[in-house]
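Asks: next one to model:
(chains A and B)
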Amino acid sequence: SQTIHQWPATLVQPVGSPLSLECTVEGTSNPNLYWYRQAAGRGLQLLFYSVGIGQISSEVPQNLSASRPQDRQFILSSKKLLLSDSGFYLCAWSVRRLTYEQYFGPGTRLTVT
Amino acid sequence: AQKVTQAQTEISVVEKEDVTLDCVYETRDTTYYLFWYKQPPSGELVFLIRRNSFDEQNEISGRYSWNFQKSTSSFNFTITASQVVDSAVYFCALSETRGNNRLAFGKGNQVVVIP
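Replies: Numbering: from 1, shown residues only, chains lettered A, B, ... in the order given. Model (predicted):
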């Protein structure tokens, strides 16, 4: 069966510090991968998605970047965090080329102070 | 552009009551998919159901049921005989067949089941 991992689970970082969140998927090959942010108020915002190694599409211009160094690894980064980067970050995967459901990881709660 | 509207922000019910969550969507595609997800207090989104635009049959799974009406662009979700464990935020989402499987989420319904 497929499993998706995210770490860390929680993170408190000062403004201006770098960020690296990692997501890995097990039990599937060639997945689509996604990063979402959920700010206070519940709405889910798609940040990045990837259909393959090294292929990243950005949905919203911002302070963040994403990379996919391996087929089942997706990394969200920032060089300098802003207060507005605080939120709950969710990674998700789906079967490639099919418009089916996405499966979400447990999330990382980021607080920028 | 695709859009999903969940008008009710927070709904409180007493345990064992039924609760219905409304979802209205907009899309120009003739082929699309609709989803419901549950987000309990732990935060992880749990997939509940997928429905494609060509299948308007209603579905029942235990205490959950879904009513898809293409004529009114709605995909409503009912929890029958609610329980405290149903307390969560519920999201409706839409995906068109184009667009790399991107999901457009509604803002969610916060359901609070009072014991």
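
Asks: so for the helix or strand containing residue A:69, mean pLDDT?
Replies: Residue A:69 belongs to strand A:65-70 when elements are defined using DSSP states H and E. In this model, strand A:65-70 carries a mean pLDDT of 96.

Asks: bridging residues for the residue nearest the centre of chain A?
Replies: A centroid search over chain A (CA atoms, centre = their mean) returns residue A:35, at 3.1 Å, as the residue closest to the centre. Counting by DSSP bridges, residue A:35 is bridged to residue A:48, residue A:91.

Asks: shouldn't it be in contact with residue A:90?
Replies: Yes: contact criterion CB atoms under 8 Å: residue A:35 and residue A:90 qualify, at 7.5 Å. To be clear about C-beta, it is placed using only N, CA and C from the backbone, and glycine gets the same treatment.

Asks: show me what from chain A comes close to chain B.
Replies: Proximity of chain A to chain B, by CB under 8 Å from any CB of the partner chain, involves residues A:32, A:34, A:41-44, A:46, A:49, A:51, A:57, A:59, A:88, A:90, A:92, A:94, A:98-107, A:109.

Asks: quick one: contacts for the residue nearest to the centre of chain A?
Replies: A:23, A:46, A:47, A:48, A:49, A:66, A:74, A:76, A:89, A:90, A:91 (CB atoms under 8 Å, 6 or more residues apart in numbering or on different chains).

Asks: 6 Å instead?
Replies: Residues near residue A:35 by CB atoms under 6 Å, 6 or more residues apart in numbering or on different chains: A:47, A:48, A:66, A:76, A:91.

Asks: for residue B:65, see how far away it is.
Replies: Using CB to CB, to the nearest Å, residue A:35 is found at 32 Å from residue B:65.

Asks: same question, residue B:18
Replies: 10 Å.

Asks: got it, and residue B:82?
Replies: 13 Å.

Asks: which residues sit against the strand holding residue A:69?
Replies: Outside strand A:65-70, the residues that reach it (CB under 6 Å, 6+ apart) are A:35, A:48, A:50, A:53, A:56, A:74, A:75, A:76, A:77.

Asks: quick check: closest non-adjacent residue to residue A:83.
Replies: Nearest non-adjacent residue to residue A:83, counting by CB to CB, 6 or more residues apart in numbering or on different chains: residue A:112, 5.2 Å away.

Asks: that neighbour: neighbouring residues, count only.
Replies: 19 (other CB atoms under 10 Å in any protein chain shown).

Asks: what sits against it?
Replies: Counting by CB under 6 Å, 6+ apart, residue A:112 has contacts A:13, A:15, A:81, A:83, A:85, A:86.

Asks: ok, the second one - contacts?
Replies: What it means is residue A:15. A:81, A:83, A:112.

Asks: go on, the first one?
Replies: Each residue near residue A:13 by CB under 6 Å, 6+ apart is listed here: A:81, A:112.

Asks: any idea what it is bridged to?
Replies: So, taking DSSP bridges as the rule, residue A:13 has residue A:112 as bridge partners.

Asks: for the spatially closest residue to residue A:26 that is not a sequence neighbour, give me the pLDDT.
Replies: Spatially, and ignoring its direct neighbours in sequence, residue A:26 is nearest to residue A:3 (4.6 Å; CB to CB, 6+ apart). Looking at residue A:3, its pLDDT is 91.
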